[in-house]
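Student: Quick one: sequence plus predicted model below, questions after.
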Amino acid sequence: MGIDPAFLRRQQEHCRARIDQRKQQQISPPPAPEAAAQPTPLEARSRQVVELLNGEAAPEELFTAGFRAAIADAQIRTLSANLTAQFGRALAVSLLLPRDGTRAAFEIRFERGLAKGALALDPADNNRIDELRFTSVDWLAVAGDTPEAIAADLAALPGSVNAWFGPLGGAPLISRNSDRPLALGSAFKLFVLAALAEDVKAGKRRWSNVVPLTQRSYPSGQLQDWPQGAPVTLHTLASLMISVSDNTATDQLIAVLGPDRIIKLMKDSGHSDPAANDPFLTTRELFVLKASEPGMIGTWSAQDKIERQVTIASVNALDFITPVSLDEVNAAFGNGPKALEIEWFASPADLARLLAHMRKTADPEAFAIMAINPSATDAIKANWRYIGFKGGSEPGVLNLTWLLTDKAGRDWVLTLGWNNPEAVVDEGKLEAIAQRILLLPR
């Protein structure tokens, strides 16, 4: 069989074309890479914030004169040092929205934490930062963190610290001075809630019961600004008392229940020393006592119940004639810890017994109220089926108490207390330890 000459010519031409094409590819230079995109001013400044946190950039390089006049360079450096000491080195900007413009929300990843906040630039001043806010810094679970390491960090805190973390009714994973009572701050309101919820479950009261607002305390809260006599339900009072620590709501519930009813609840729940809280103070009485003349409160620790009742009656009478102003209250707390013996007291073991008692005797709505403000990050929320919380503080006093339910349905308790009559305690430091505990593998 012969070969068609025209076909052969076409095949030869095709081969020559392929060879020429390959030669051309070999000698042609590779395409030039695209020029890297220049960072926007927001991107550039946010990266400098990471450098600042690590001590690798100076405040004068980043901030406007107005910002530095409002917040001194030394304060900026102290904040940066505190953050990195607590959460490790700042690693990167993990979120910046939007990436262009003059204002953005950001997230900065640390070795052991995630900071969230916002920053804004002044285009007229070389895009220097004229606003920088950290709204939260959440602890991230870290491989290798242990109860022993956390217990050592608790032990290193100045002043007196107590702690208990473990399943309700079981052995603790972390325990420190678990039988030592410390001042609670507003965490005492858990006892008020427990007494009310017990009465509701027993049919003595209803959450929907309406009472006139007759008490008036000082912030925190909002009811101190409501009209006298305003009708409010017990549920509203309890919800405000726990979720935003409303002091007027608390005093109104104490007036409804009676102080002796709450002392009885303490005894029934197994509190180790109810007498330390008898007479049971309202929040206003605590504020007015601490704002009183030193001679009025100087012997409080040595007084018995009757003598303390006389002291309370005396300051209440003076307060009725000439009400103590909010400025006077603020002044009383303006110089650090003040008369920490005038407080409400419980140990971690007392609080654990209270929560166990509530599970048996409290109307379930009490736990829904405790969950309104769980004081937990998204990572912690993902770790638990239920989270209820109440904390409390004043200068020199801090308490953080959680009731939690794990995915298997078992209740756990975390309660941390810190008192220091010599100095204001660092809330962020204890809260960071609490976050580490709540993220521990179980």
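Tutor: Noted; the coordinates are in hand. Residues are numbered from 1 along each chain as shown.
Student: which residues of this protein fall in strands?
Tutor: If DSSP state E is used as the criterion, the strands of the chain fall at 90-97, 103-110, 113-122, 128-139, 160-167, 174-176, 182-183, 210-212, 231-233, 345-346, 386-394, 397-405, 411-419.
Student: Please name the strands paired to the first one in the sheet, noting orientation.
Tutor: The reference is to strand 90-97. Each strand paired with strand 90-97, and its direction, by DSSP bridges: strand 103-110 (antiparallel).
Student: Pipe the strands of the chain into CSV and attach distance to Leu223 per row.
Tutor: From N, CA and C alone the C-beta is placed, and that goes for glycine too. Below are the strands of the chain laid out as CSV (distance: least, Cβ to Cβ, whole Å):
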stretch, distance to Leu223
strand 90-97, 37
strand 103-110, 33
strand 113-122, 31
strand 128-139, 26
strand 160-167, 31
strand 174-176, 36
strand 182-183, 24
strand 210-212, 12
strand 231-233, 8
strand 345-346, 25
strand 386-394, 17
strand 397-405, 22
strand 411-419, 27
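Student: Nearest to Thr146 among the ones you listed would be which one?
Tutor: Thr146 lies closest, by Cβ to Cβ, to one member of the strands of the chain: strand 174-176, at 9.9 Å.
Student: Check which helices and strands the closest one sits against.
Tutor: The helices and strands touching strand 174-176, judged by 3 or more Cβ pairs under 8 Å, 6 or more residues apart in numbering; DSSP states H and E, are helix 147-155, strand 160-167.
Student: okay, these, which one's buried deepest?
Tutor: Of all the helices and strands packed on strand 174-176, strand 160-167 has the most neighbours on average by mean count of other Cβ atoms under 10 Å, namely a mean of 22.
Student: Save the strands of the chain as CSV, and put in mean pLDDT and distance to Leu355 too.
Tutor: Shown next, in CSV, are the strands of the chain (pLDDT from 0 to 100; distance: least, Cβ to Cβ, whole Å):
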stretch, mean pLDDT, distance to Leu355
strand 90-97, 94, 36
strand 103-110, 94, 33
strand 113-122, 94, 29
strand 128-139, 91, 23
strand 160-167, 98, 11
strand 174-176, 97, 16
strand 182-183, 98, 17
strand 210-212, 98, 26
strand 231-233, 98, 24
strand 345-346, 98, 11
strand 386-394, 98, 9
strand 397-405, 98, 5
strand 411-419, 98, 6
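Student: quick one on the thing from earlier: dump the helices and strands packed on strand 174-176 to TSV, plus distance to Ala195.
Tutor: Listed next are the helices and strands packed on strand 174-176 as TSV, based on distance: least, Cβ to Cβ, whole Å:
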stretch	distance to Ala195
helix 147-155	31
strand 160-167	22
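Student: Out of those, flag the one nearest Gln435.
Tutor: Comparing the helices and strands packed on strand 174-176 against Gln435 with Cβ to Cβ, the closest turns out to be helix 147-155 (10.4 Å).
Student: now the angle between strand 160-167 and the closest one, please.
Tutor: Interaxial angle of helix 147-155 relative to strand 160-167 (axes from the mean of the first three to the mean of the last three Cα atoms, to 10 degrees): 150 degrees.
Student: hang on, Ser239 packs against Asn373?
Tutor: No: assessed by Cβ atoms under 8 Å, Ser239 is found out of contact with Asn373, at 9.6 Å.
Student: okay, these two: which has more neighbours?
Tutor: More neighbours surround Ser239 than the other of Ser239 and Asn373, with 21 against 17 (other Cβ atoms under 10 Å).
Student: Can you name the residues that contact that one?
Tutor: Neighbour list for Ser239: Ile369, Ile372 [criterion: Cβ atoms under 8 Å, 6 or more residues apart in numbering].
Student: Isn't Ala349 up against Asn177?
Tutor: No: Ala349 is not in contact with Asn177 according to Cβ under 8 Å; the separation is 9.8 Å.
Student: re the thing from before, of the helices and strands packed on strand 174-176, which is nearest Ala197?
Tutor: Here strand 160-167 is closest among the helices and strands packed on strand 174-176 (Cβ to Cβ), at 22.1 Å.
Student: Out of the strands of the chain, which is closest to Lys189?
Tutor: Nearest of those (Cβ to Cβ): strand 386-394, 6.1 Å.
Student: name the helices or strands packed onto that closest one?
Tutor: helix 189-201, helix 365-370, strand 397-405.
Student: export those to a markdown table and tack on mean neighbour count?
Tutor: Listed next are those as a markdown table, based on neighbours: other Cβ atoms under 10 Å:
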| stretch | mean neighbour count |
| --- | --- |
| helix 189-201 | 24 |
| helix 365-370 | 20 |
| strand 397-405 | 25 |
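Student: where does the stretch 1-150 of the chain have low pLDDT?
Tutor: 1-36, 143 (pLDDT under 70).
Student: Not counting sequence-adjacent ones, nearest residue to Gly159?
Tutor: Asn420 (2.9 Å; Cβ to Cβ, 6 or more residues apart in numbering).
Student: thinking again about what came up before, can the helices and strands packed on strand 386-394 go into a markdown table with extra columns for distance to Ala276?
Tutor: Converted to a markdown table, the helices and strands packed on strand 386-394 look like this (distance: least, Cβ to Cβ, whole Å):
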| stretch | distance to Ala276 |
| --- | --- |
| helix 189-201 | 12 |
| helix 365-370 | 24 |
| strand 397-405 | 15 |
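Student: Quick check: which of these is nearest to Phe165?
Tutor: Checking the helices and strands packed on strand 386-394 against Phe165 by Cβ to Cβ gives strand 397-405 as the closest, at 9.0 Å.
Student: So for Ala349 and Asn177, which sits in the more crowded spot?
Tutor: Ala349 (22 against 18).
Student: Identify the residue spatially nearest to the residue most central in space within the chain, adjacent ones excluded.
Tutor: Nearest to the geometric centre of the chain sits Ser375, at 5.3 Å (Cα atoms, centre = their mean). Leaving out its chain neighbours, the residue that sits closest to Ser375 by Cβ to Cβ, 6+ apart is Phe389, at 4.4 Å.
Student: burial of that neighbour, as a residue count?
Tutor: Neighbourhood size, Phe389 [other Cβ under 10 Å]: 22.
Student: got the contact list for His136?
Tutor: No His there; residue 136 is Ser. Ala115, Lys116, Gly117, Thr377.
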